[in-house]
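# Quick check, what structure comes out for this input:
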Amino acid sequence: MLVFHIDIRVKPEHVEAFLEASRDNARHSVNEPGIARFDVLQQVDDPTHVVFIEAYRTPEARKAHQETAHYFRWRDTVADMMSQPRSRMEFRNAFPGDEGW
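The predicted model follows:
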């Protein structure tokens, strides 16, 4: 399993629209067979800070997600809503289930 932590900073005037678009993307994403989790988190004391936690069953599942209509719609809708480029950290599942370590 691959887990991605996507760190996003949203322009204050776009927070609600960004969250609406992100919820729509997440609702569709959780129905993809290769996605185990897709969480959208908003920092309590800084509503402009949003984090996605995306868990994919395989590397191919992530590639497939990035080819869906809902991903393209989200990407295009929120492009100008972010105050800086989003950053990504990639993790592997260390527990449970990764027999490789």
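# list the helices and strands the lengthiest helix in the chain packs on?
Longest helix in the chain, counting residues (DSSP state H): helix 15-29. Using 3 or more Cβ pairs under 8 Å, 6 or more residues apart in numbering; DSSP states H and E, the elements in contact with helix 15-29 are strand 35-42, strand 49-56, helix 69-78. (Each C-beta comes from the backbone N, C-alpha and C, glycine too.)
# most packed of those?
strand 49-56 (a mean of 18; mean count of other Cβ atoms under 10 Å).
# Give me the sheet partners of that strand and which way each runs.
In the sheet, strand 49-56 lines up against strand 2-9 (antiparallel), strand 35-42 (antiparallel) (DSSP bridges).
# how about the first one: buried residues?
The reference is to strand 2-9. 2-3, 8 (16 or more other Cβ atoms under 10 Å).
# so which of those comes closest to Gln66?
Leu2 (12.8 Å; Cβ to Cβ).
# Make sure Asn31 is indeed in a strand.
No: read with DSSP: H, G, I helix; E, B strand; the rest coil, Asn31 is coil and lies in no strand.
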